[in-house]
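>>> from the sequence below, what's the structure:
(one chain, ligands or ions: 1)
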Amino acid sequence: MIIPFRKMHGLGNDFVVLDARRAPLPITPGRAAAIADRHTGIGCDQFIVMEPGTEGADVFMRIYNPDGSEAGACGNATRCVAELAMADSGSGAAAVRTISGLLPSERLPDGTIRVDMGEARLGWGEVPLAQEADTLHLPLSADGVSDPAACSMGNPHATFFVPDLAALDLPRIGPELEHAAIFPQRANIGFVQVLAPDHLRLAVWERGAGLTLACGSGACATLVNAARRGLSARAATVSLPGGDLRIEWRDDGHVLMAGPTATAFTGMIDLDAYPA
Ligand SMILES: N[C@H](CCC[C@H](N)C(=O)O)C(=O)O
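All right, here's what the predicted structure looks like:
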């Protein structure tokens, strides 16, 4: 089955996007992982399938990590899929549904996309954690980092506050933290340096993907955790290796994320060339 694909990214966090809104596609976790492989597939941080929208959504977005695991949120991909839905409808707004909820999105005058990423979930059972714990101070550490906060944006995030990001060996400590026993569904691990109350520098070791140039849900979780700790305001610029996102934790608990989208190229893919 030969079909078109679109290679997109949000600040370098890159995606292969397939469109299954008009007809279902034979996608399995194994085939998603094979297509995401950067040597034997097209290669991407997340594999995205657009499906028909339900219950007020213009589109349903299914998210696979390169290890084949399905994720409940992907902020950078949400902006990209919202952009595609808006281009199709000719409107300046679109609602994207994921397995975690409905995400209203809009194009801002400067051309960036702002997504209401929904409420940050702060309870230990919502992150989720394996046992009851104070999500502001988790009993977890690794070489050079300790005492993270945690929350969910529809996917699990831990946030370590560090004095100097450049001093950390993230490929060494990321995997052990991602798979720590306290995270029954693993977790995305953020490392943040607070530059100012309205400016955070963040790097994320992503669950199922490793180090990425940007993580939208991670930027949201980081801002929320920093504000909860009194280390930042409720709105800030989050600077990731791939660029900046503007994040706001609204008084109603919803988290707004604004940032760019880009299409790198389009092409055709033969799904039968990839093992199901
Ligand atoms: N690795 C994440 C999914 C992608 C998140 C990230 N790319 C974003 O922009 O939010 C997880 O397993 O929860």
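
>>> how about the contacts made by the nearest residue to G218 once chain neighbours are set aside?
Leaving out its chain neighbours, the residue that sits closest to G218 by CB to CB, 6 or more residues apart in numbering is V204, at 4.1 Å. Placement of C-beta: from N, CA and C, glycine included. Going by CB atoms under 8 Å, 6 or more residues apart in numbering, V204 touches N188, I189, G190, F191, L211, T212, A214, C215, G218, L240.

>>> check what pLDDT V204 gets.
pLDDT, V204: 98.

>>> shouldn't A94 be in contact with G56?
No: in this structure A94 lies outside contact range of G56 using CB atoms under 8 Å: 11.2 Å.

>>> quick one, which of those two is more surrounded?
With neighbours defined as other CB atoms under 10 Å, A94 and G56 compare such that A94 has more, 26 against 9.

>>> quick one, what contacts the more buried one?
With CB under 8 Å, 6+ apart, A94 has these contacts: D58, V59, A82, A85, M86, S105, E106.

>>> which residues of the protein fall in helices?
Here the chain has its helices, by DSSP state H, at 29-36, 75-89, 170-178, 216-228.

>>> adding mean neighbour count, write the ones you listed out as CSV.
Compiled in CSV, the helices of the chain are given as follows (neighbours: other CB atoms under 10 Å):
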stretch, mean neighbour count
helix 29-36, 20
helix 75-89, 23
helix 170-178, 17
helix 216-228, 28
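
>>> how about those helices in JSON lines, adding distance to C151 and mean pLDDT?
JSON lines is the format used below for the helices of the chain (distance: least, CB to CB, whole Å; pLDDT from 0 to 100):
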{"stretch": "helix 29-36", "distance to C151": "26", "mean pLDDT": "98"}
{"stretch": "helix 75-89", "distance to C151": "14", "mean pLDDT": "98"}
{"stretch": "helix 170-178", "distance to C151": "16", "mean pLDDT": "98"}
{"stretch": "helix 216-228", "distance to C151": "5", "mean pLDDT": "98"}
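
>>> using JSON lines, lay out the ones you listed together with distance to M153.
Formatted as JSON lines, the helices of the chain follow (distance: least, CB to CB, whole Å):
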{"stretch": "helix 29-36", "distance to M153": "21"}
{"stretch": "helix 75-89", "distance to M153": "7"}
{"stretch": "helix 170-178", "distance to M153": "16"}
{"stretch": "helix 216-228", "distance to M153": "4"}
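
>>> closest one to E51 among those?
Distance to E51, taken as CB to CB, is lowest for helix 75-89 among the helices of the chain, at 10.4 Å.

>>> which bits of the stretch 51-200 of the chain sit near the ligand?
Contacts of the stretch 51-200 of the chain with the ligand, taken as CB under 6 Å from any ligand atom, map to I63, N65, A71, A73, C74, G75, N76, N155, N188.
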